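Q: Give me a 3D structure for the following:
(one chain, ligands or ions: 1)
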Amino acid sequence: MTGAPVHKRQGGDVTIAVHLKGVSVAYALAGGGKYEAVQPVDLSVRDGEFVALLGPTGCGKSTLLNIAAGLMPPSSGTCEIFGERLSGLCGKAGYLFQQDALMPWKTAEDNVAIGLEVGGVRRAEALERARAMLAEVGLAAFGERYPHQLSGGQKKRVALAQVLVREPKILLMDEPFGPLDAQTRLIMSELLLDLWQQDRKAVMFVTHDLDEAIALSDRVVVMSAGPSSRFIGEFAVDLPRPRDIAEVRSEPAFHRLHSEIWSCLRDEVRKTYGLTNKGAA
Ligand SMILES: Nc1ncnc2c1ncn2[C@@H]1O[C@H](COP(=O)(O)OP(=O)(O)OP(=O)(O)O)[C@@H](O)[C@H]1O
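A: Sure, this is the predicted structure:
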């Protein structure tokens with residue numbers, strides 16, 4: 001049996017939860033030919049670490065997340081989950097997309113319970129755990145509502161409960177709060193950090209929002225514009241935890257990091273919008 005890789009570090013050993021090793025992705029195009037989305041990259045996410053993957057639109061963030069989820073194989077390289085080579089869906093990961101995957105014909109508690117039931121948990125126990133999880137995300141009184149009777153933020157809470165109730169060891173999040181308004185995004189980010197703080201899982205969090213990346217994560221990995229994206233910067237976020245998402249943005253260390261990361265990202269964003277050689281401000 002292969003154990004999860006343990007790396008010796010000053011201050012203690014660390015376990016690697018997700019390890020992309022020399023992963024590249026080339027998509028086959030309908031008319032023949034290929035689109036090289038991501039050139040070989042290496043990324044390891046430690047157990048309990050919150051890593052944000054940041055980059056301009058179309059650079060390949062979701063592609064790498066999909067590989068870690070086992071939704072697609074890499075064109076080259078491998079993905080290891082706790083030291084085991086991934087083939088097929090990653091059972092240890094919970095995946096939260098921008099669009100939630102709630103079933104409109106099921107109540108909030110049934111939407112949460114169903115993931116447990118298909119995993120073999122008896123209905124009574126699944127419902128009990130679903131209700132407890134809904135309470136954790138602040139929806140104790142909303143379990144019997146259907147998705148169309150919930151606000152966007154409430155639906156997102158149900159989707160989060162749906163993922164967390166299965167107690168994944170890894171969270172893969174693809175711009176999960178993207179469609180929400182600014183205030184609700186802030187509240188959801190706070191909720192996510194509160195829950196994560198209680199039981200730190202490895203997180204890969206895809207975003208193109210620099211503020212969000214810094215406020216949430218331990219490390220920000222920056223990708224270049226596509227095609228053939230690569231990693232062009234890696235920044236440790238040394239802001240203390242627990243963090244107040246709203247307050248942390250006014251700290252000098254936040255501003256310093258923001259300007260360092262933005263100077264790494266700026267040209268890539270401009271390239272994406274074809275502005276680099278046009279003298280755009
Ligand atoms: N099935 C596919 N076939 C061909 N090209 C694809 C396919 N899926 C994605 N791509 C291309 O691969 C590149 C990376 O896509 P991906 O969705 O990973 O980017 P992203 O960084 O997540 O973008 P965004 O921030 O806009 O969500 C894009 O140029 C996209 O057009």
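Q: Briefly note if the top helix by length along the chain comes near the ligand.
A: Longest helix of the chain, by residue count under DSSP state H: helix 252-272. No: using C-beta under 6 Å from any ligand atom, helix 252-272 stays clear of the ligand, coming no nearer than 9.1 Å. Heads up, the C-betas are built off the backbone N, CA and C, glycines and all.
Q: what does that helix contact?
A: 54-59, 210-211, 213-215, 220, 222-226, 232-233, 235, 237-239, 248, 276, 280 (C-beta atoms under 8 Å, 6 or more residues apart in numbering).
Q: In helices only, show me these.
A: 210-211, 213-215, 248.
Q: circling back to that earlier point, buried only: go through the contacts of helix 252-272 for me.
A: 54-56, 59, 210-211, 213-215, 220, 222-226, 232-233, 235, 237, 248 (16 or more other C-beta atoms under 10 Å).
Q: contacts with the ligand among those residues, please.
A: Among the buried ones among the contacts of helix 252-272, the ligand is touched by 55, 59, 226 when using C-beta under 6 Å from any ligand atom.
Q: Low-confidence stretches in the chain?
A: Low-confidence segments of the chain (pLDDT under 70): 1-12, 275-281.
Q: is the ligand contacted by the longest strand along it?
A: Criterion DSSP state E: the longest strand present in the chain is strand 12-28. Yes: Strand 12-28 lies within reach of the ligand by C-beta under 6 Å from any ligand atom, at Tyr27.
Q: Next secondary structure after that strand?
A: For strand 12-28, the following helix or strand on the C-terminal side (DSSP states H and E) is strand 34-46.
Q: now that following strand against strand 12-28, angle please.
A: Interaxial angle, strand 34-46 versus strand 12-28 (axes from the mean of the first three to the mean of the last three C-alpha atoms, to 10 degrees): 170 degrees.
Q: packing partners for strand 34-46?
A: Applying 3 or more C-beta pairs under 8 Å, 6 or more residues apart in numbering; DSSP states H and E, one finds that strand 34-46 makes contact with strand 12-28, helix 61-69, strand 202-207, strand 231-236.
Q: is it up against the ligand anywhere?
A: Yes: under the criterion of C-beta under 6 Å from any ligand atom, the ligand is reached by strand 34-46 at 35, 37.
Q: Could you export that strand as CSV, CA atoms only?
A: Listed next in CSV are the C-alpha coordinates belonging to strand 34-46 (Å, rounded to 0.1, in the frame of the first residue of the first chain):
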residue,chain,number,x,y,z
LYS,A,34,-5.0,20.5,-30.6
TYR,A,35,-5.2,23.4,-28.3
GLU,A,36,-2.4,23.3,-25.7
ALA,A,37,-4.2,24.8,-22.7
VAL,A,38,-1.6,24.1,-20.0
GLN,A,39,2.1,23.2,-20.3
PRO,A,40,3.6,20.9,-17.8
VAL,A,41,3.1,22.2,-14.3
ASP,A,42,3.9,20.9,-10.8
LEU,A,43,1.7,21.8,-7.8
SER,A,44,1.4,20.3,-4.4
VAL,A,45,-1.3,21.2,-1.9
ARG,A,46,-0.6,20.2,1.6
